[in-house]
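Asker: No sequence on hand, only this structure:
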C-alpha cells in the first residue's frame, strides 16, 4: 500500500511538472484591442507592460517594484518563440520578454483590459506588438 501511495504521488507530481512545462511552451501572451490600439495581454487578458529602465534584455524591476509590477514568469525550461524571448531575473527566475523587453502586469489593474498602469511615472507603458 505504501509503495502504491509513493508511486501515485510521484505520478501526480510528474503530471504537474509536465503540465507546467506544457503551459510555458504555449504563447505567453496574446494581442487584444485596447483604446490605444493593439496591446499584449497575458493568458487571463490582463494588460502587459514594459519598463523604460529595463535595458540589454534584463529586468531592472525587483523587490517592491516586482510586487507592484509582477513579472510575466516563464518556466525554467521555456524556449524563445518568435518575438518572445526569455530573460533571467536577478534571482535566477525566468521571465518572458517581447522583442527583448521584459513583460509585466500591474497590480492595480482590476480586470482584463484595464490599462491603469500606462504612463505611470512616465516609465511604464502598455506593451504593443
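Answerer: Now that the structure is in, tell me what you want to look at. If you're wondering where the values come from, they're calculated on a predicted model, not measured in any experiment.
Asker: Out of the helices and strands in this protein, which is least certain?
Answerer: helix 2-24 (a mean of 35; mean pLDDT, DSSP states H and E).
Asker: Below-threshold pLDDT in this protein: ranges please.
Answerer: For the chain, the stretches with pLDDT under 70 are 1-29.
Asker: residue nearest the centroid of it?
Answerer: Here the mean C-alpha position of the chain is nearest to the C-alpha of residue 72 (Cα atoms, centre = their mean), at a distance of 1.4 Å.
Asker: who's in contact with that residue?
Answerer: Contact analysis of residue 72 by Cβ atoms under 8 Å, 6 or more residues apart in numbering lists 28-29, 42, 48, 95-96, 102-105. C-betas here are computed from N, CA, C, even on glycine.
Asker: how about stretch 119-129: buried residues?
Answerer: 124-127 (16 or more other Cβ atoms under 10 Å).
Asker: Over to stretch 104-120?
Answerer: For stretch 104-120, by 16+ other Cβ under 10 Å, it's 104-106, 109, 114-115, 117-118.
Asker: which stretches of the chain form strands?
Answerer: Along the chain, counting by DSSP state E, strands occupy 30-34, 37-41, 49-51, 73-74, 84-88, 94-98, 101-102, 124-126.
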